[in-house]
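[1] generate coordinates for the sequence data below:
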Amino acid sequence: MTPIITEQRGQIAVLTLNTGRTKGINPALVLRFAELLNEIGKEARGLVLCGGKKFFSAGLDLPTVLELNRREMAEFWYGFNRLLIDLYTLPLPTACAISGHAVAGGNILALACDYRYATTDERKKMGMNEIKLGIPFPYPADLMLGQIVGERIAARMIYGGDFISTAEAKAIGLVDEVHPDEVLEQYAVAKVEELAALQGPAFSATKSGFCESIKAQYEENHQSKHECFLDCWFSEPTQELLRDAAKKL
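    Model (predicted):
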């Protein structure tokens, strides 16, 4: 089973996460996503990211990722963080259509897109609960979240680790707009088509200027952040919390 379903709608690439019920993030998904970004950057004019109707993505595929040793986890975690930066800096317009729960790593994937459109179904939740599982908030996501919602709101979200409704997410700027499920994906594609109609070099240069400070901070500091994450991940208290969380998936 391919971890990502790809579809071309005119000049817009639509990618749909396809890793089981929870659309979990695992090494196969990260590898394929990175390959697709390289292809899309050459062949398409924009990108829309979709997930499932129940789960946009519930974050890391814990049953799979917990089987990785430190070397394997280091490779996977570096790849995921690199993927976030590459998606964030992709010189094309991007948007995500969030029709299901987008939590933890799922919400983090959404942060890396230019626009976030979510369902009007307030039963669907968003948020990042890493701190409750004993792991540091991913460094690229930390930088992106502060830019999107402001440093003070970002701090409250990261320290609290709580999930919020899509309406609450819109109120704080975490999502740009909410739409009914039946038109959500269509709306995201239309927005990217609108931006793709602009002069490509001008859009790319403008986006690069907007993203360059976060990319520079990541490049300067990611190694020390990477090792800190791994130390926390493999600590016994955190492993116990993660194993308990994996049982619920």
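
[2] residues touching Phe234, list them.
    Neighbouring residues of Phe234 by CB atoms under 8 Å, 6 or more residues apart in numbering: Arg70, Met73. Yep, even glycine has a C-beta here, placed from its N, CA and C like the rest.

[3] distance of it from Leu31?
    Distance of Phe234 to Leu31, given as CB to CB, to the nearest Å: 22 Å.

[4] before we move on, what about Glu185?
    Counting by CB to CB, the gap between Glu185 and Leu31 amounts to 25 Å.

[5] repeat that for Glu7.
    Using CB to CB, Glu7 is found at 20 Å from Leu31.

[6] tell me which residue is most central in the chain.
    By CA atoms, centre = their mean, the chain has its centre lying nearest to Leu109, at 0.3 Å.

[7] contact partners for it?
    Counted by CB under 8 Å, 6+ apart, Leu109 has contacts Ile25, Leu49, Ser57, Leu84, Leu87, Cys96, Ala102.

[8] looking at those residues, which one is closest to Pro63?
    Ile25 (12.1 Å; CB to CB).

[9] for that closest one, phi and psi?
    With angles defined as degrees, to the nearest 10, Ile25 sits at phi -90, psi 120.

[10] what of Asp61?
    Dihedral angles for Asp61 - degrees, to the nearest 10 - are phi -80, psi 80.

[11] and for it, the neighbour number?
    A total of 23 residues lie near Asp61 under the criterion other CB atoms under 10 Å.

[12] mind checking the SS state of the residue nearest to the centre of the chain?
    Classification of Leu109 by DSSP: H, G, I helix; E, B strand; the rest coil places it in helix.

[13] and it, what pLDDT?
    With respect to pLDDT, Leu109 scores 98.

[14] relative to Thr166, how far out is it?
    Separation of Leu109 from Thr166 (CB to CB) stands at 16 Å.

[15] circling back to that earlier point, and the residue nearest to the centre of the chain, how far from Glu182?
    Computed as CB to CB, the Leu109 to Glu182 distance reads 23 Å.

[16] okay, now the unreliable bits of the protein?
    Applying pLDDT under 70 to the chain flags no residue at all.

[17] any chance you could map the strands in it?
    Under the criterion DSSP state E, strands of the chain are mapped to 4-9, 12-17, 46-50, 55-57, 94-98, 101-103, 115-119, 125-127, 163-165, 177-179.

[18] just put those strands in a markdown table and tack on distance to Phe80 and mean neighbour count.
    Shown next, in a markdown table, are the strands of the chain (distance: least, CB to CB, whole Å; neighbours: other CB atoms under 10 Å):
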| stretch | distance to Phe80 | mean neighbour count |
| --- | --- | --- |
| strand 4-9 | 14 | 14 |
| strand 12-17 | 13 | 22 |
| strand 46-50 | 15 | 26 |
| strand 55-57 | 12 | 27 |
| strand 94-98 | 16 | 28 |
| strand 101-103 | 16 | 27 |
| strand 115-119 | 19 | 25 |
| strand 125-127 | 18 | 21 |
| strand 163-165 | 21 | 19 |
| strand 177-179 | 27 | 18 |
